[in-house]
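Asks: sequence and predicted model, in that order:
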Amino acid sequence: MRDINEVLRRKELDLQQLQREVEALRVAARLLSEASEADPAYSRPATASAYAPPARPAPPPGSGAGDAGYSAPWDAAAKKFP
C-alpha cells in the first residue's frame, strides 16, 4: 500500500506542472492573437482549395490511350472482375 503523503505530494507536483503548461498556452495564445492582428495573412489557415492537384502527364503518342484518356495497367485488370 502507498503512503498517502507520497500520493498527495505527487498529485501536487502534477498540479504545478499543469499550471505551468496552462500558463505557457496562455502566453502562446496571446502571441498568436497579436500576430494575427498585425498581419491578417496569418489569421486564416491554408485550405485544400488553395492548392492545385498535380498535373497528370499526357500518355505518349502511339500508346493507344490518346482518346480513351489516361489508363493505368491495373484499371484494365480491375474491369475484368464482376
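Replies: Sure, I can see it. Numbering: from 1, shown residues only.
Asks: tell me the secondary structure for residue 58?
Replies: coil (DSSP: H, G, I helix; E, B strand; the rest coil).
Asks: let me know the pLDDT of it.
Replies: What the model reports as pLDDT for residue 58 is 70.
Asks: I'd like to know how many residues surround it.
Replies: 10 (other CB atoms under 10 Å). For glycine as for every other residue, the C-beta is placed from the backbone atoms N, C-alpha and C.
Asks: same question for residue 36.
Replies: Neighbour tally, residue 36, other CB under 10 Å: 13.
Asks: any idea which element it lies in?
Replies: Using DSSP states H and E, residue 36 maps to helix 4-38.
Asks: residue 2 too?
Replies: Using DSSP H and E, residue 2 falls within no helix or strand.
Asks: ok, it to residue 10 distance?
Replies: Distance, residue 2 to residue 10, using CB to CB, to the nearest Å: 9 Å.
Asks: do residue 20 as well
Replies: 16 Å.
Asks: cool, residue 33 as well?
Replies: Taking CB to CB, one finds residue 33 at 35 Å from residue 10.
Asks: so where's this protein shaky on pLDDT?
Replies: By pLDDT under 70, the low-scoring segments of the chain are 1, 39-54, 56, 59-82.
Asks: and if we set it to 50?
Replies: For the chain, no stretch has pLDDT under 50.
Asks: and residue 14, what does it touch?
Replies: For residue 14, the contact set (CB atoms under 8 Å, 6 or more residues apart in numbering) is empty.
Asks: try residue 33
Replies: By CB under 8 Å, 6+ apart, no residues touch residue 33.
Asks: please begin residue numbering at 711 from this point
Replies: Happy to do that; since the first residue is 711 now, the last one works out to residue 743.
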